[in-house]
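[1] Sequence first, predicted coordinates after that:
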Amino acid sequence: MATSIEDILQRAAPVLPVLVVNHVDDAQPLAEALIAGGIRVVEVTLRTPAALDVIRVMKDIPGLTVGAGTVVKPQQIHRVADAGADFAVSPGLASDIMLAASEWSLPLLPGIATPTDAMHALNFGLRCCKFFPAEAAGGVKMLKALSGPFPDFTFCPTGGISLANAPSYLALPQVLCVGGSWLVPADKLAARDWAGITELAKQASSLG
Ligand SMILES: O=C(O)C(=O)C[C@H](O)[C@H](O)COP(=O)(O)O
């Protein structure tokens, strides 16, 4: 799916769930539980051996846009593109990953946390980034400060975001959506508590 990362984040709004899935058998029911709660875009982190298979299952679910998260090496770009990911998310900003994503025409959401990072992103023509780790890197105050020198940047703040603090980020015009793992807690996923996950997704979706 060749579309811009801005379009993908706008589709995700208000919340992009960050998923850590250990069992490929959970991919379909988890996606369905999230869709029932109003979620349209997910980020499957490459933190588990099952992640690429989870992406392969989820990308065939109608109405769901699937990203690959925790991309930390350039070689992972072709693996996630091969698995059918619609976009890739990286916790930081690395030239080799940005080049690989551009070679594979894969929309990329790189993480930035400082003005220097924003300048590197600009050099690559990128103006839409993850703000990571949002809370630890200065939260809403830092995002507002970054928007002074970089007024046309847009963000998906991620890292320490919860139902409680999400509204303060979503109120900023430069925030397209927020990301977070709180919608799919490890204990609810382990218990295959699909109804509980739908409930958390509904609460998150209603932030928009
Ligand atoms: O794995 C990645 O690609 C990351 O960059 C980090 C994740 O987005 C955050 O770890 C999610 O943060 P929490 O919502 O606080 O759990």
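    Great, that's in hand.

[2] element containing Pro110?
    strand 108-112 (DSSP states H and E).

[3] Mind exporting the C-alpha coordinates of stretch 174-182 to CSV?
    Output in CSV follows, covering the C-alpha atoms of stretch 174-182 (Å, rounded to 0.1, in the frame of the first residue of the first chain):
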residue,chain,number,x,y,z
GLN,A,174,1.0,18.9,15.6
VAL,A,175,-0.1,15.6,17.0
LEU,A,176,-1.8,13.3,14.5
CYS,A,177,-2.3,10.4,16.9
VAL,A,178,-0.6,8.9,19.9
GLY,A,179,0.9,5.4,20.2
GLY,A,180,0.8,3.0,23.1
SER,A,181,0.9,-0.5,24.4
TRP,A,182,-1.7,0.2,27.1
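
[4] returning to that earlier point: for the helix or strand following the strand holding Pro110, buried residues please.
    Heading C-terminal from strand 108-112, the first helix or strand you meet, by DSSP H and E, is helix 115-123. Buried residues in helix 115-123, counted by 16 or more other C-beta atoms under 10 Å: 117-118, 120-121. Using the backbone N, CA and C atoms, a C-beta is placed for each residue, glycine as well.

[5] Starting from the strand holding Pro110, tell me which strands it pairs with and how they run.
    strand 87-90 (parallel), strand 128-131 (parallel) (DSSP bridges).

[6] Tabulate the CA atom coordinates of it in PDB.
    Below are the C-alpha coordinates for strand 108-112, written out as PDB (Å, rounded to 0.1, in the frame of the first residue of the first chain):
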ATOM      1  CA  LEU A 108       8.600   5.000   7.600                       C
ATOM      2  CA  LEU A 109       7.800   6.500  11.000                       C
ATOM      3  CA  PRO A 110      11.200   7.100  12.600                       C
ATOM      4  CA  GLY A 111      11.500   8.100  16.300                       C
ATOM      5  CA  ILE A 112      13.000  11.500  17.300                       C
END
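
[7] and that strand, how far out from the chain's middle?
    Centroid separation for strand 108-112 versus its chain: 9 Å, with C-alpha atoms, centre = their mean, to the nearest Å.

[8] now the angle between helix 115-123 and it, please.
    Strand 108-112 and helix 115-123 meet at an angle of 160 degrees, taking axes from the mean of the first three to the mean of the last three C-alpha atoms, to 10 degrees as the criterion.
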